[in-house]
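# Have a look; sequence and predicted model below, questions after that.
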Amino acid sequence: MTRSVTSRWEYTRPTPLGEEHACYEFTSRQFRFDTDAVLGPGEVVIDWDEISEAATAMLDPSQATGGDGVDWMPWNPMRLEWLLVSRRGDTGRAFMQPLPNGDTRAEIVAQLRDRLGARFVGERQRLESTQQRFRIGGKGEALRAAAMVVVVLAMLAGLLMLLAALLSLPFLDASVTLVFGAWLLAGAVRRGRDVMALSGSRPVPLSAASPGTVALAGRASTMSPVLSGVSGEPSVWWDVGIDVWQERDGDDEASDWVQIAARHGGRTDALLFEDATGRVPVWLRDADLYLAEHTWESGKDALPAPGHALLDAAGLGWDGHRIRVREQRMAVGSPLHVLGTLGRGADLLASGADHGVAAHLRWLRTGAWRSDVVRRFPPLLRMPLAVTIGYVGMLAKLGMGGARAVDPEDAARPPVGAEAPVLWKGRHRRAFVIADRAPRQARSGLMKQALVRASVGGPLLAYWIDRLTG
């Protein structure tokens, strides 16, 4: 029996052009899909009676997973699952768009089975054969693919020529030195500011905290814990880096650890702070996070079972290689020290967008520039440009593994009510420090970071000034 209640699922997924937002909506009469993807169809509406067949498909069904999973790349086409829908007669083009992962995907597929019955012909089938059955693609698609390859190669050649021209500019090395030195010194100043703020703060119970700048000491929590990748501890989020020892022609001084992969899990937009007197959500945007790093080295340490499973999935072995595994985690129940601003949900909405340099830096850091650039090109060039950007991005991160699609410092606003309390950075560039260690230890670590950055950034700026005035 067809349900009359509307079901709606919104989700976000990483792509080579940055994050894309999409929505599936089922009503008693229609199937609706909407997306803000640059290369997407926009809004598509199909009556249930129009549908001839529907199925889900993957490039490689062996990559199927029932959970959210974490890929070694933030956008892994091998793990992508599509929903394909064909229409009766000549009522319209066939539909093919990605599905979300995890519980959302399971709910969508379950309702499709319920509504379509025998017209839902299977899930996680092989993509190529399913496309042929639904008459998606064909000779025309092959010709377009060949033309796109030619255009992409031309774009890559042009990019290499532009890069070579820039590298030949005499002032480029001095300009890069200036920017890098200024960035290091700015980081040193910010860490020095955090040290001073921590030194002058005294933690208070949450129930006694007043709106404004507060220092709190309690525990980390979340409504959706995940198991960390190596230690297996319930966590708000976790990050893992995998390094191998690289010998340099027998020269021990030149030999060093080289990162070859990374992995992560959990949500980095918000967490819950709690103490004996209450609980409050923490919006992590622009937070300075100082978390302990846990390290295991082959031949010296025993790696927990989840760590062995993680290495096996990467095709690496703990024995026979000199490997180092590093994990940072915000563990559930771990000590949490926060210096930030206590406000209301309405303050977050009224905070407004970034302006000036801050807006441009976030635009670059989050990768939003990619989709904005593609949108400015004619429609015929958008797909080749998107492929070129994705390919160059993949090469730039080769060996680094799956970098986060969204870092905590760029987290979206959490869904809190207008009058609900919330901890966040606040306005006027206030200090916002989150640490899983005592304030004294956090201050010591911050001071070391500030001194290292200043000792490198200062000489770099001096070198640039000398080049400019010499």
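Good, I have the coordinates.

# Quick check, residue 56 in contact with residue 85.
No: judged on Cβ atoms under 8 Å, residue 56 makes no contact with residue 85 at a distance of 10.2 Å. The C-beta positions use only the backbone N, C-alpha and C, and glycine is treated the same way.

# Just say helix, strand or coil for residue 24.
strand (DSSP: H, G, I helix; E, B strand; the rest coil).

# List the buried residues in the longest strand seen in the chain.
Longest strand of the chain, by residue count under DSSP state E: strand 234-246. Buried residues in strand 234-246, counted by 16 or more other Cβ atoms under 10 Å: 235-244.

# next helix or strand past it?
Proceeding N to C from strand 234-246, the next assigned helix or strand is strand 256-266, under DSSP states H and E.

# Among the buried residues of strand 234-246, which one sits closest to residue 180?
Residue 180 has its nearest neighbour among those in residue 241, at 22.4 Å by Cβ to Cβ.

# excluding its backbone neighbours, what's nearest the closest one?
residue 326 (4.5 Å; Cβ to Cβ, 6 or more residues apart in numbering).

# Sticking with that neighbour, tell me its helix or strand.
Judged by DSSP H and E, residue 326 forms part of strand 323-331.

# Pull up the pairing partners for that strand, direction included.
In the sheet, strand 323-331 lines up against strand 234-246 (antiparallel), strand 293-297 (antiparallel) (DSSP bridges).

# Now tabulate those strands in a markdown table and tack on mean pLDDT and distance to residue 164.
Shown next, in a markdown table, are the strands paired with strand 323-331 (pLDDT from 0 to 100; distance: least, Cβ to Cβ, whole Å):
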| stretch | mean pLDDT | distance to residue 164 |
| --- | --- | --- |
| strand 234-246 | 90 | 28 |
| strand 293-297 | 93 | 39 |
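
# closest one to residue 365 among those?
Nearest of those (Cβ to Cβ): strand 234-246, 16.6 Å.

# What angle do strand 256-266 and the closest one make with each other?
160 degrees (axes from the mean of the first three to the mean of the last three Cα atoms, to 10 degrees).

# Any idea how far strand 234-246 is from the middle of the chain?
Centroid separation between strand 234-246 and its chain, computed with Cα atoms, centre = their mean, to the nearest Å, is 15 Å.

# again with stretch 423-438
Using Cα atoms, centre = their mean, the offset of stretch 423-438 from its chain centre is 21 Å.

# C-alpha coordinates for that stretch, PDB please?
What follows is stretch 423-438, C-alpha atoms only, in PDB (Å, rounded to 0.1, in the frame of the first residue of the first chain):
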ATOM      1  CA  LEU A 423      29.800  27.300  23.200                       C
ATOM      2  CA  TRP A 424      31.600  28.900  20.300                       C
ATOM      3  CA  LYS A 425      34.300  31.300  19.200                       C
ATOM      4  CA  GLY A 426      32.300  34.400  19.600                       C
ATOM      5  CA  ARG A 427      32.900  37.700  17.800                       C
ATOM      6  CA  HIS A 428      35.900  40.100  17.800                       C
ATOM      7  CA  ARG A 429      38.500  37.300  17.300                       C
ATOM      8  CA  ARG A 430      38.200  36.000  20.800                       C
ATOM      9  CA  ALA A 431      40.300  33.100  22.000                       C
ATOM     10  CA  PHE A 432      38.700  29.700  21.500                       C
ATOM     11  CA  VAL A 433      40.900  26.900  22.800                       C
ATOM     12  CA  ILE A 434      39.800  23.200  23.200                       C
ATOM     13  CA  ALA A 435      42.300  20.800  24.800                       C
ATOM     14  CA  ASP A 436      42.200  17.300  26.200                       C
ATOM     15  CA  ARG A 437      44.900  18.000  28.700                       C
ATOM     16  CA  ALA A 438      45.200  20.300  31.800                       C
END
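
# how about the residue nearest to residue 241, what does it touch?
240-243, 293-295 (Cβ atoms under 8 Å, 6 or more residues apart in numbering).

# closest to residue 412 among these?
residue 240 (23.5 Å).

# unless I'm mixing things up, the closest one is touching residue 313, no?
No: applying Cβ under 8 Å as the test, residue 240 and residue 313 come out as separate, 11.4 Å apart.

# hang on, the earlier thing: of all the buried residues of strand 234-246, which comes closest to residue 210?
Distances from residue 210 to the buried residues of strand 234-246, taken by Cβ to Cβ, are shortest for residue 236, at 26.2 Å.

# what sits against the closest one?
Counting by Cβ under 8 Å, 6+ apart, residue 236 has contacts 220-222, 225-226, 266-267, 271, 330-332.

# now do 6 Å
220, 222, 266, 271, 330 (Cβ atoms under 6 Å, 6 or more residues apart in numbering).

# Any idea how many residues pack against the nearest residue to residue 61 once chain neighbours are set aside?
Leaving aside its chain neighbours, residue 61 sits nearest to residue 124 (4.9 Å; criterion: Cβ to Cβ, 6+ apart). Neighbour count for residue 124, taken as other Cβ atoms under 10 Å: 18.

# Surely residue 124 is in contact with residue 60?
No: using Cβ atoms under 6 Å, residue 124 is not in contact with residue 60; the gap is 9.9 Å.

# Quick check: which element contains the residue nearest to residue 223 when sequence neighbours are not counted?
Nearest non-adjacent residue to residue 223, counting by Cβ to Cβ, 6+ apart: residue 272, 7.1 Å away. If you go by DSSP H and E, residue 272 is part of strand 270-275.

# Buried residues, stretch 51-58. List them.
51, 53-58.

# now swap in stretch 380-393 and tell me
382-390, 393.

# Just the ones of these in helices?
382-390, 393 (DSSP state H).

# And those residues, which is closest to residue 318?
For these, the nearest to residue 318 is residue 393 (30.3 Å; Cβ to Cβ).

# circling back to that earlier point, closest one of the contacts of residue 326 to residue 431?
For the contacts of residue 326, the nearest to residue 431 is residue 293 (22.4 Å; Cβ to Cβ).

# Quickly list what the closest one is bridged to.
The partner residues for residue 293, given DSSP bridges, come to residue 328.

# Against which helices or strands is the lengthiest helix in the chain packed?
Determined from DSSP H, the single longest helix within the chain is helix 439-469. Judged by 3 or more Cβ pairs under 6 Å, 6 or more residues apart in numbering; DSSP states H and E, the packing partners of helix 439-469 are helix 172-199.

# Pull up the pairing partners for the helix or strand just after the helix it packs on, direction included.
For helix 172-199, the following helix or strand on the C-terminal side (DSSP H and E) is strand 212-221. Using DSSP bridges, strand 212-221 pairs in its sheet with strand 270-275 (antiparallel), strand 335-344 (antiparallel).

# would you turn those strands into TSV with mean pLDDT?
TSV is the format used below for the strands paired with strand 212-221 (pLDDT from 0 to 100):
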stretch	mean pLDDT
strand 270-275	92
strand 335-344	92
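
# Looking at these, spot the one closest to residue 304.
strand 335-344 (21.1 Å).

# I appreciate the help and will end here.
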